[in-house]
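*Asks:* I need the structure of the sequence given here:
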Amino acid sequence: MKRYAIALAAASMFAFGANAQQASGNLMGVGVAGDKIAVENTDTGFKREITVTEDGKYQIRRLPTGKYIVNQTHADGSAEKPKEIVIQVGTTARVK
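*Replies:* Numbering: from 1, shown residues only. Next comes the predicted model:
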């Protein structure tokens with residue numbers, strides 16, 4: 001019975017460790033409430049779009065790693081100059 005308990009404990013440590021490994025990172029920035037933020041990975045074409053919340057902050061989680069173009073469009077249709085940002089494993093890149 002003791003061997004079984006030790007084996008089960010060891011197996012659970014490996015299972016949780018595998019979940020912690022991910023090939024993604026996060027992106028955060030500041031805008032004006034209602035702005036649309038669109039990100040596109042220039043190598044894969046992966047895209048995601050969000051709307052800035054009332055506090056003016058935004059965060060996009062679990063983006064696959066790589067180089068992204070960030071586009072910010074205001075509610076009136078005008079747009080900021082696109083920004084290039086690199087997402088690395090387990091980090092949060094800040095858009096300035």
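*Asks:* next, the distance between the ends of stretch 37-51.
*Replies:* Terminal residues of stretch 37-51 are spaced 6 Å apart (C-alpha to C-alpha, to the nearest Å).
*Asks:* contacts for it next, please.
*Replies:* If you take C-beta atoms under 8 Å, 6 or more residues apart in numbering as the criterion, stretch 37-51 is touched by 27, 29, 31, 34-36, 52, 58, 60, 63-64, 66-73, 84. In this view, the C-beta of every residue, glycine as well, is placed from N, C-alpha and C.
*Asks:* point out where this protein drops to low pLDDT.
*Replies:* For the chain, the stretches with pLDDT under 70 are 1-22.
*Asks:* helices of that one, start to end?
*Replies:* 2-20 (DSSP state H).
*Asks:* output stretch 53-60 as CSV, nothing but the C-alphas.
*Replies:* Extracted in CSV, the C-alpha atoms of stretch 53-60 (Å, rounded to 0.1, in the frame of the first residue of the first chain):
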residue,chain,number,x,y,z
THR,A,53,-12.8,48.0,-21.0
GLU,A,54,-14.0,51.1,-19.1
ASP,A,55,-10.8,51.4,-17.1
GLY,A,56,-8.8,51.8,-20.3
LYS,A,57,-6.8,48.6,-19.8
TYR,A,58,-6.7,45.5,-21.9
GLN,A,59,-5.1,42.1,-21.7
ILE,A,60,-5.0,39.2,-24.1
